[in-house]
Structures are given as C-alpha cells and as structure tokens.
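**Student:** just a sequence and a predicted model for now, questions to come.
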Amino acid sequence: MLSSNIMPYAQSNIFSKTGEQEEAAGASGFAIEARNLSIHYSAFRAVKNVDMAIPERKITAIIGPSGCGKSTVLRSFNRMNDLVPGAHAEGDVIFMGQNIYAPQVDPVEVRRRIGMVFQKPNPFPRSIYENVAWGARLNGFKVGLGRPSMDEWVENCLRKAALWDEVKDKLNQSGLSLSGGQQQRLCIARAIAIQPQIILMDEPASALDPIATLKVEELMQELARDYTIIVVTHNMQQAARVSDQTAFFTVDADRAGMLVEFGDTRQIFTNPKDSRTEGYISGKYG
Amino acid sequence: MSTITNNASGGNLSPEALSLKHRPRPVEALIYGFLFFCGIVSIFTTLGIVYELGKESLLFFSTPGVTIWGFLTGTRWQPQAGNFGILPLLTSTLLTSGMAMLVAAPLGLAAAIYLSEYATPSLRKALKPTLEVLAGVPTVVYGYFALTFMTPLLRAIFGKDTVEIYNTASAGLVMGILILPLVSSMAEDALSAVPNALREAAYGLGATKLEVAVQVVLPAAVSGLAAAFLVAISRAIGETMIVAIAAGAGPRFTFNPFQAAETMSGHIVRISGGDLSYNSIDYNSLFAIGLFLFIVTAAINLVSQQVVRHLKRNTQ
Ligand SMILES: Nc1ncnc2c1ncn2[C@@H]1O[C@H](COP(=O)(O)OP(=O)(O)O)[C@@H](O)[C@H]1O
Ligand SMILES: [Mg+2]
C-alpha cells in the first residue's frame, strides 16, 4: 500500500509541537478524560457531571437523542465552546496530564493537538491544496532534510483522507467546487495535516449521501490506527458499525444532558446495563 | 394526521375549495402596484437627471470654441477667458477623495475587524449605532471642522509657508472622517456575513484570533469589502460641503495637497450660488461638469459591481 510508504512522515518531527506525543501516550492509556464535567450556556446547564475516559487510538462514539449535549461535550474537548459567548465549563478535562481548563492553558495550543471535523463540510474558500496546507503552515510545518516538502505533505494527507485520486489533477481548484462528500474528506485531510492526537467529529456524515457516508466511515476506521477519534452521531447503526466504545447520553428531568452508560460498543448494543440505553437503542424513544 | 384523513374520506369539502383556479388577492395586487410604482419613480428620476444633464451639456459643447477634447484635456478652467479644461477640477477632486480614502479605508477596516471579530456582542450593539450617528452629522459641521481645526493643525505641523489656509489635504482628511462610519459599517456587515463555520474551521486548526480575522475572514469577505470601498469613493467624489468650505475657491491645476484648489462639486456649488444668468456659457458649463461627475460615479459603480461579481466567483 502506498499509504504505508508515506507513514514514516507521520512519525517524523515536522511540527514544532510533536515529540510530546510519545510522552503523552505513556501517561494513562487514555487520550482524554472528562472528570465531573458540567457545561453551561449562560444560566442554562446543558450537560452535567460527565465522567468519561476516552481510550487511545480507538473510535469512541457518542450517541443520544437530539439536544442531550453530545455536541456540547465534544466541543468541550478542544475548548471550541469558548467561542460561544456565555458558555463555560466546570470540572476537568485531562489531556496529556493537564486540565485543559486550567487558567494557564491556551485554547489555541489545545486545538493544535485536538482537531475537529464538523457536521456541515466547511472547507475554506481557497484551493484544495491551500485547504490542507494552511493549517500545517499555521502550526509551524517545517521543511528540512529528511522531512517531506509541503507538496508531499499535502499529497500524504489527501491520500490518507482517501481523496487524492479524485483531486490530484485539480489541486488549484477551489475546495468549494467539490461534492459534499469530497468536501468532508477534504476537511478530514485538513484536520490530519496538523497531526493532532485526537480528532473530534460532530456528525461528520449526517449531511452526506449513503455512499459518501460509507467512505467517511471506512476512512474513520483507517484513521483510528494513528489517531484517537471521538465521533458524535445520531445514527445508531453508524455507531455500531464503526466504533469500539460507545457513550450514551440522554436528558434528565431538569433538561441537562448526562452520560448514562459508557462501554464497549458491542456490550452497549447487545447487553445494555441501563434501561434507558436499552430503550433508546431498541428505538422506543429519541 | 387523523383530521386530514377524516376530511378526505368524509367528503365534506365543497367543490370550490378544491379548485386550483387563481383567486383574487386584492391586497397583494395593491402592494405589488405600489412597489412597482416606487421602482418606476426611481428609474424615471434617474432618467430625468440624465436628460437634463445631457441637454444642458449639449448646449455647452455646441458653443463655438468648446470641444469635448479640450474639455477633457485642458489644464485651465477659466470661464472668463473661454478656457474650459476639467483637469484642474478633476485633480483636486482626486486629491480630496484620495486623501479621504487614505484615512477611511485603513481606519474603517480596522474598526470593522474590531467590531466584527473582537468586540463582545454587547459592546458591538452599543458601538455600531454610535458610529452610525457620526454619519448623521451635517456635512457643513465637518466643513468648519476642517477649516478651524484640521487646517490649523496641518499648518502647525508642516509650517504656514507650506500649507495654505485653504487646501485639499485638510478637506480630504476631514472627508475621510466623514465617510469613516460608512466604510466601517459596510465593512462590518461584510465581515459579519462570513459564515461562522469558516471561523470554527480555522479555530479548530489552532488558529489565533488574529489569524482567523486576517487570513480567513478578510479574504472571505473581500467582495463585500471592495463594495464598501467603492461606495465610499463615490461618496467622497460627490461630497460638496466640506470641499466648498475648506478646499479653496478657484480651480488650480496642482498635485500639491497643501495648496488651495477647487473640486468639481465645489466649483458647481460656488458658481451656482452666485449671480448667474441662465443660458450663459458659465451656467451650461456646470452641467457639463455635473455630467462628467455623474459618468465618473456611474463608472465606479459599474466597475465595483464587476469587481464584486468577479471576487465572489473566485471565493465561492
Ligand atoms: N450556543 C448555544 N447557546 C445556548 N444553548 C445552546 C447552544 N448550543 C447548544 N445549546 C443547548 O444545549 C443543549 C445541548 O445541545 P447540543 O450539545 O447541541 O445537543 P446535541 O448535539 O446532542 O443535539 C440543547 O438544549 C441546546 O439547546
Ligand atoms: Mg449536535
């Protein structure tokens, strides 16, 4: 496979930030861990008391009815909620041995290590090439002896995102000229171009047709060999198909989202411990 | 669900209710007529202006000794001596509006970036209307501000020998302050119209606020920003009161912004304010200047539409 030829780049030190990676891996075996996490939008408590430890290099799915706080939790893992006026988090999110909500932590540094793919594909209105290169450049992509050039790096990322063959002849065309499914894979290529440790995906396939969805799912499984993936989905079959671990959220009587059950995907779908999980996966509500 | 089924099967709908014929909608027709009328009025007003300008200009250009070529290339505007070259009026217009853009473009853009990307929503809500109030200050106030504040300031900085009492720099700088709210308000609209999804994409890659604002939001808003600048330029070219008060009375062919020089609009307002007989060549010449101004502004608007369309195509 071609991708295995290109793999060595992923391990080499092309970013100023890498190198922490190995040291982080050894620490706990968990990529990221929420401890008693509650998130408010102004006065409204959207999510309460979440405890979950996400394993490394696995796909963790977050499922649950609409409005139960799946996106809110996901976006708290790279401090994306900071961009929402009035949003604030209580509790800890431990990443690489540090609480990312500690006062001295710079959210920009967090987001350089924890990438994100959004529900609606949102490529930049730039060329396909630039869509991938921009973030890499931003993150201090270094070219040098034994390191890939930017062209090689862009190709590598597009290959990993299973998009290269479709776009290799039109790298200078706008990213917006691609189909929805291609745009979403471009967004994935863009995310892996900064070599994050974790990739957060918020319903990455919900705006796509079934074939494009399947491609994205295959891609996720491919990527899980190198990255920790946390994916929000409202599609239970998708969670069952792609994920190793599944977290089921629901809303409590006070409208706050809460984690009901978190465990092995097979166990959650075949032998749920909580009656609410069972009700949800058997389609009784939600 | 159930009510629909009942109705359909119960058959208690009258045949008229199922008719697909047009129904009379008098209110809608009335409103449509009114809107159509408004549209027509504005079109006819424009046509009327063009007609009047064209008619009087034709009289001017048919005067013996006056040629279009001489009008466009002459460097002297001396009606008494029969010299009707627009260039002195044009250069001073370019000086004042160029000076105005030098102030308004960077400051307006900076204010817009601040308002759209940095200010908290509550601060933005307070600041934007305040800026727009500035646009409501009568231009005559700006004119005297130029004369009694900006000119002395320039003279203090550059010396009384360099800066004349009336000069295009002072008028232009103050005009820049005048159009600043226009630029910042339109530019802010353009920046705010950039979808949040793009900002999130950039933040998600670890971009800083400045990187998001300058490298993502600005380029994505470029067509709207271009429109803002071009509207501001047209506004500056046509602006009259400030230049009439502060730029100088008397055409002069100069590129020195510290000298007095009359702009096209300033000249029109001074001459037409004076004792002028209809159908004199002086009177007709004003319409020729007016027509020229009209064409320049219309051309800028046309160009701006093309630019905006081109930029839009490239960013989408
Ligand atoms: N930006 C926001 N401002 C205020 N409330 C929000 C915002 N985003 C989400 N919420 C609220 O938080 C709750 C959880 O939302 P979300 O995380 O989007 O749910 P999900 O992704 O599971 O559908 C909902 O009640 C929603 O209305
Ligand atoms: Mg959601």
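**Tutor:** Structure received. Residues are numbered from 1 along each chain as shown, chains lettered A, B, ... in the order given. Ligands and ions are numbered 1, 2, ... in the order given.
**Student:** mind giving me the packing neighbours of whichever strand or helix holds residue A:61?
**Tutor:** Assigned by DSSP states H and E, residue A:61 belongs to strand A:59-63. The criterion is 3 or more Cβ pairs under 8 Å, 6 or more residues apart in numbering or on different chains; DSSP states H and E, and the helices and strands that strand A:59-63 contacts are helix A:70-76, strand A:228-232, helix A:236-242, strand A:245-251. Any C-beta I mention is one placed from the backbone N, CA and C, and that applies to glycine too.
**Student:** tell me if the third one is near ligand 1.
**Tutor:** No. Helix A:236-242 lies out of reach of ligand 1 by Cβ under 6 Å from any ligand atom, never closer than 13.3 Å.
**Student:** enumerate the residues of chain A near chain B.
**Tutor:** For chain A, the residues in contact with chain B (Cβ under 8 Å from any Cβ of the partner chain) are A:78, A:80, A:83, A:85, A:108-109, A:111-113, A:115-116, A:118, A:120, A:122-126, A:134-135, A:138-139, A:174, A:176, A:187, A:190-191, A:194.
**Student:** helices of the stretch 151-300 of chain B, start to end?
**Tutor:** Assigned by DSSP state H, counting those that start in this stretch, the stretch 151-300 of chain B shows helices spanning B:151-158, B:168-192, B:196-204, B:209-211, B:218-220, B:222-238, B:241-246, B:264-273, B:281-315.
**Student:** and the pLDDT for the nearest residue to residue A:40 once chain neighbours are set aside?
**Tutor:** Leaving aside its sequence neighbours, residue A:40 sits nearest to residue A:88 (Cβ to Cβ, 6 or more residues apart in numbering or on different chains; 5.5 Å). Here the pLDDT value assigned to residue A:88 is 92.
**Student:** and for residue A:88, the neighbour number?
**Tutor:** 13 (other Cβ atoms under 10 Å in any protein chain shown).
**Student:** all strands for chain A, in order.
**Tutor:** A:30-41, A:44-55, A:59-63, A:87-95, A:98-99, A:114-117, A:198-202, A:228-232, A:245-251, A:257-264 (DSSP state E).
**Student:** re earlier: in this structure the residue nearest to residue A:40 contacts residue A:43, no?
**Tutor:** No. Using Cβ atoms under 8 Å, residue A:88 makes no contact with residue A:43, being 10.7 Å away.
**Student:** ok, the residue most central in space within chain A - contacts?
**Tutor:** Geometric centre of chain A, nearest residue: residue A:200, 1.4 Å, by Cα atoms, centre = their mean. Contacts for residue A:200 (Cβ atoms under 8 Å, 6 or more residues apart in numbering or on different chains) come out as A:74-75, A:77-78, A:114-117, A:230-231.
**Student:** residues contacting residue A:53?
**Tutor:** Shown in contact with residue A:53 (Cβ under 8 Å, 6+ apart): A:28, A:30, A:32-34.
**Student:** tell me the bridge partners for it.
**Tutor:** Beta-bridge pairing for residue A:53 (DSSP bridges): residue A:33.
**Student:** per-residue confidence at it?
**Tutor:** 95.
**Student:** any idea how far it is from residue A:30?
**Tutor:** Using Cβ to Cβ, to the nearest Å, residue A:53 is found at 4 Å from residue A:30.
**Student:** also residue A:88?
**Tutor:** Residue A:88 sits 24 Å away from residue A:30, going by Cβ to Cβ.
**Student:** is there a quick PyMOL command that grabs whichever of the contacts of residue A:53 are buried?
**Tutor:** Selection command for PyMOL covering only the buried members of these, criterion 16 or more other Cβ atoms under 10 Å in any protein chain shown:
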select buried, chain A and resi 32+33+34
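**Student:** and the contacts of residue A:53, which is closest to chain B?
**Tutor:** residue A:32 (15.5 Å; Cβ to the nearest Cβ).
**Student:** low-confidence stretches in the stretch 151-286 of chain A?
**Tutor:** Where the stretch 151-286 of chain A drops to pLDDT under 70, the residues are A:284-286.
**Student:** re earlier: now the residue nearest to the centre of chain A: how far from residue B:184?
**Tutor:** In terms of Cβ to Cβ, residue A:200 sits 36 Å off from residue B:184.
**Student:** again with residue B:246
**Tutor:** Where residue B:184 is concerned, residue B:246 sits at a distance of 23 Å (Cβ to Cβ).
**Student:** got it, and residue B:87?
**Tutor:** 33 Å.
**Student:** closest one to residue B:178 among the helices and strands packed on strand A:59-63?
**Tutor:** Comparing the helices and strands packed on strand A:59-63 against residue B:178 with Cβ to Cβ, the closest turns out to be helix A:70-76 (43.7 Å).
**Student:** packing partners of that closest one?
**Tutor:** Using 3+ Cβ pairs under 8 Å, 6+ apart: helix A:70-76 touches strand A:30-41, strand A:44-55, strand A:59-63, strand A:198-202, strand A:228-232, strand A:257-264.
**Student:** in its sheet, what does the strand holding residue A:61 sit against?
**Tutor:** Note on strand A:59-63: by DSSP bridges, its sheet partners are strand A:228-232 (parallel), strand A:245-251 (parallel).
**Student:** now those as a markdown table including distance to ligand 1?
**Tutor:** Below are the strands paired with strand A:59-63 laid out as a markdown table (distance: least, Cβ to the nearest ligand atom, whole Å):
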| stretch | distance to ligand 1 |
| --- | --- |
| strand A:228-232 | 6 |
| strand A:245-251 | 7 |
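**Student:** so residue A:148 touches residue A:159, yeah?
**Tutor:** No. Look at residue A:148 against residue A:159 with Cβ under 8 Å: they stay out of range, at 12.0 Å.
**Student:** now do the residue of the stretch 1-150 of chain B found nearest ligand 1, the pLDDT please.
**Tutor:** At 12.1 Å from ligand 1, residue B:121 is the closest residue in the stretch 1-150 of chain B, using Cβ to the nearest ligand atom. Listed pLDDT for residue B:121 reads 86.
**Student:** what's the answer for residue B:227, then?
**Tutor:** You'll see residue B:227 listed with a pLDDT of 89.
**Student:** if I look at it, how far off is ligand 1?
**Tutor:** As judged by Cβ to the nearest ligand atom, to the nearest Å, residue B:227 and ligand 1 stand 30 Å apart.
**Student:** which of the residues in stretch A:176-188 are buried?
**Tutor:** Of all the residues in stretch A:176-188, those buried under the rule 16+ other Cβ under 10 Å are A:176, A:178, A:181-188.
**Student:** about what we covered before: okay, the strands paired with strand A:59-63, which one's buried deepest?
**Tutor:** Comparing the strands paired with strand A:59-63 by mean neighbour count (mean count of other Cβ atoms under 10 Å in any protein chain shown), strand A:228-232 ranks first with a mean of 26.
**Student:** next, the angle strand A:30-41 makes with it.
**Tutor:** Interaxial angle, strand A:228-232 versus strand A:30-41 (axes from the mean of the first three to the mean of the last three Cα atoms, to 10 degrees): 30 degrees.
**Student:** residue A:78 is in contact with residue B:204, isn't it?
**Tutor:** Yes. Shown here, residue A:78 and residue B:204 form a contact pair, counting by Cβ under 8 Å, at 7.0 Å.
**Student:** which residues do those two both contact?
**Tutor:** A:111, A:115-116.
**Student:** turn those residues into CSV, including pLDDT, neighbour count and distance to residue B:262.
**Tutor:** CSV is the format used below for the shared contacts of residue A:78 and residue B:204 (pLDDT from 0 to 100; neighbours: other Cβ atoms under 10 Å in any protein chain shown; distance: Cβ to Cβ, whole Å):
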residue, pLDDT, neighbour count, distance to residue B:262
A:111, 95, 26, 57
A:115, 94, 26, 61
A:116, 95, 25, 59
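**Student:** tally of neighbours for the closest residue to ligand 1 within chain B?
**Tutor:** Here chain B gets closest to ligand 1 at one residue, residue B:196, 10.4 Å apart by Cβ to the nearest ligand atom. By the criterion of other Cβ under 10 Å, residue B:196 has 12 neighbours.
**Student:** understood, closing this out.
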